Every structure is written in C-alpha cells, then in structure tokens.
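Visitor: kindly return the folded structure for what I paste below:
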Amino acid sequence: MQFGILGPLVVCSPDGGEVAAGGPRPRALLALLLLNAGRLVSVEHLIDGQYGDRPPSGAANAVQAQVSRLRRRLPAGLIESHGSGYRLAISPDDVDAHRFERLSREGRRRLAAGRPSLAAAVLREALDLWRGPALADVSGAPFAVPQALRLEELRLAATEDLLEAELALPEGNPVAALRELVTAHPLRERPRGLLMRALHAAGRQAEALAVFDDVRRLLAHELGADPSPELAALHLEILRGKRHRERTARIGPPAQLTSFVGREEELARLAALRATRLVTIVGSGGTGKTRLAIEAATHRTAETCFADLTLADVPSPARGEPADVRRSGAGTQHEEVGAWG
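Guide: Sure thing, here's the model as predicted:
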C-alpha cells in the first residue's frame, strides 16, 4: 500500500484504489504512525500527539478504540501491537514524506558532488510528491504543527537545491523562479544569493547588486543585522567583476582635447618601432611622457592597449597596501605603449 501525508492524508490500496481512513481522530493517529513508519510508537507518544499536555481521562482507551477503527479499514496485520505501543508494518518508502526526504538527501549529495543534471532530476522527483501543505487535514492535532513546519522547511531547502542545480546547467537560468522564492521568503538569504548569481550569469550585474542592496536594507530594518559573510563575499565578487569589465571595456588610448605639437623626432623613433609589441618611454616626471605615449599609440596601425599604470593598485611589499607606481622607482618614471598586432 501507498500512503501520503504531503497534502491531505491519502491511503491507496495495491490496485490503486483509495481507502477511507475514517474520522479526524483515526486519521490523526494514522498520520502519526506514518511519520514513524516501521518503528514502534509508544501509547504515551500517541496520547501526547493526539491530545497534547491535557489528555482526557481514559485517553489510552480512546487510542485503543481508534486503532481498532483503523484496523477495520486497513489490511489485516498492518498495525501491530507490541505491549507498550503500536507499529505500522510498512517500509518508510511506502510513505511520500519519507520518500521525499530520501530523494532530497540524494539530490543534495549529487549536487555537492558536482553532478547538477542528476541532482536536478532527483530533486524534481522529490518535489513532485507534494500535493499541498503537509498534514493538511490533521492540522488540529498537536503533533501536526511542528511536523508540518519541519517538512515545509525541508521542501524549501530542496527547492533551493533544485534551483542551484538548474543554475549550474548550461541551459538553466531560473531567474523568474528565484524572484518568486525571494518574494515569498524575503528574509531568507540563500535564494538571494542564487538570484544574484543567476542575474550575474545573465550579464545583469546591476540587477544582481541591487538584490544585495535590497536585502541589506531589509535585514537592517527588520532584524538590525547585516547580510551573512557568504552573501557579502558574493556581492564583492560581483562588484569586482563589474568593475573589471568597466575598466577593460575600452582598451584604446583616451581621446585628447588639444592637438599635439612638436616631438617629431621622438614620434619618428617610436614609429620605427611599430612592429614591437611593447615600447617603454623612460624619463623624469613632468616631461610629457604620457601625452607622447598616447600620441604614438594613436598612430599605430595595430590595435593598441593603453594602461595608465599611475592609477593601478600595486601591493606594497612592506605593508600590503596600494602603492603609486610613480613612487615605486628611484626618481625615474616610464610610460608603456602596448599593441597587439
């Protein structure tokens, strides 16, 4: 037989027909046994699950009566008595909730092993078992609320795993699904990180950075907290990637506002070196090396790469801090003209 609690309680016979489990109390008792499929459940645990901290007098007899009603509806021998409690003699895999948990763990392992395609297939199978809120029609029983919350948390984690697996696939970029998840769970950081990665992969860096700014403001307002170190590191990674692309978007010499006069001899010498891939101009500061380098690079026929090294962040060997290239020599500066031929 097959049993389902990921939604309203359902009991299916081997031929596929649905078996009625009875009224609210027997259904709640069966759901509690299903959560512990194959394991002995004490009478005390069944009473607590059914009635909470204030059981009525004769609660043990009430549980026994509920078991009797269930036995009349289920195949003989399915509910076993073991003195101090009862056991539902089925495999955990006969219950959708246990099957979901097993598949979710398997999908997560495959994702961690770098097999996103297989992980996505398993996780989709797991999530397809859900028919609605877990334990939907026994929610009045004391045990149902914490169990439903636990299963819903596992469902959310499996959904995040699936979206991460799809993001790793060549054809996958689940931006829309991630936006829906972020809207439904605005304080949850993992979907935010996945959405930032998905937008970044799609070339939408500004939107990815905006997602981080939004959650940073929300966490500060709602919780007085900062984003996690992992999310902050992802933000920095995307920010640096964007800045790198901005810096390298235009590699040619910068346009000049005034005409260039003089230096014909130096320009002629540089022109004679046009076949050279890298030329260094050396001289003291303030003699016009940068302008000369720009003018020479502008007249080269090959594509030219211009790098203003005076603005580069060069680590200082002593302190590990940015150092100005202009102060890294011993009084002599240089300008470089590089070209790809």
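Visitor: quick check: A232 touching A225?
Guide: No - at 11.9 Å, A232 does not count as touching A225 under the criterion of Cβ atoms under 8 Å. C-betas here are computed from N, CA, C, even on glycine.
Visitor: tell me the domain ranges of the chain?
Guide: Per the record, the chain has its domains at 2-91, 185-245, 246-307, by the TED database.
Visitor: average pLDDT for the longest one?
Guide: When pLDDT is averaged along domain 2-91, the result is 93.
Visitor: again with the shortest one
Guide: Across domain 185-245, the average pLDDT comes to 91.
Visitor: before we move on, what about stretch 160-175?
Guide: 93.
Visitor: buried ones in that stretch?
Guide: For stretch 160-175, the neighbour count (16 or more other Cβ atoms under 10 Å) marks 160-168, 172-175 as buried.
Visitor: what about R87, is that helix, strand or coil?
Guide: Here R87 is recorded as strand under DSSP: H, G, I helix; E, B strand; the rest coil.
Visitor: no no, T280
Guide: strand.
Visitor: for it, give its distance to A272.
Guide: 15 Å (Cβ to Cβ, to the nearest Å).
Visitor: so the two - more neighbours on which side?
Guide: Using other Cβ atoms under 10 Å as the criterion, T280 and A272 rank with T280 on top: 12 against 9.
Visitor: okay, now the residue nearest to A168 when sequence neighbours are not counted: neighbour count?
Guide: Using Cβ to Cβ, 6 or more residues apart in numbering and skipping residues adjacent in sequence, the residue nearest A168 is P116, 3.8 Å away. By the measure other Cβ under 10 Å, the count of residues near P116 is 22.
Visitor: tell me the contacts of P116?
Guide: R110, E164, A165, E166, A168, L169 (Cβ atoms under 8 Å, 6 or more residues apart in numbering).
Visitor: could you export these as a markdown table, including secondary structure?
Guide: Putting the contacts of P116 into a markdown table (three-state DSSP) gives the following:
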| residue | secondary structure |
| --- | --- |
| R110 | helix |
| E164 | helix |
| A165 | helix |
| E166 | helix |
| A168 | helix |
| L169 | coil |
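Visitor: which one of those residues is nearest to P75?
Guide: Proximity of the contacts of P116 to P75 (Cβ to Cβ) peaks at R110, which lies at 35.9 Å.
Visitor: quick one: mean pLDDT for stretch 95-109?
Guide: pLDDT averaged over stretch 95-109 gives 98.
Visitor: what lies in contact with that stretch?
Guide: 2-6, 34-35, 37, 92-93, 119-120, 122-123, 125-127, 129-130, 134, 151, 154-155, 157-158, 161-162, 165.
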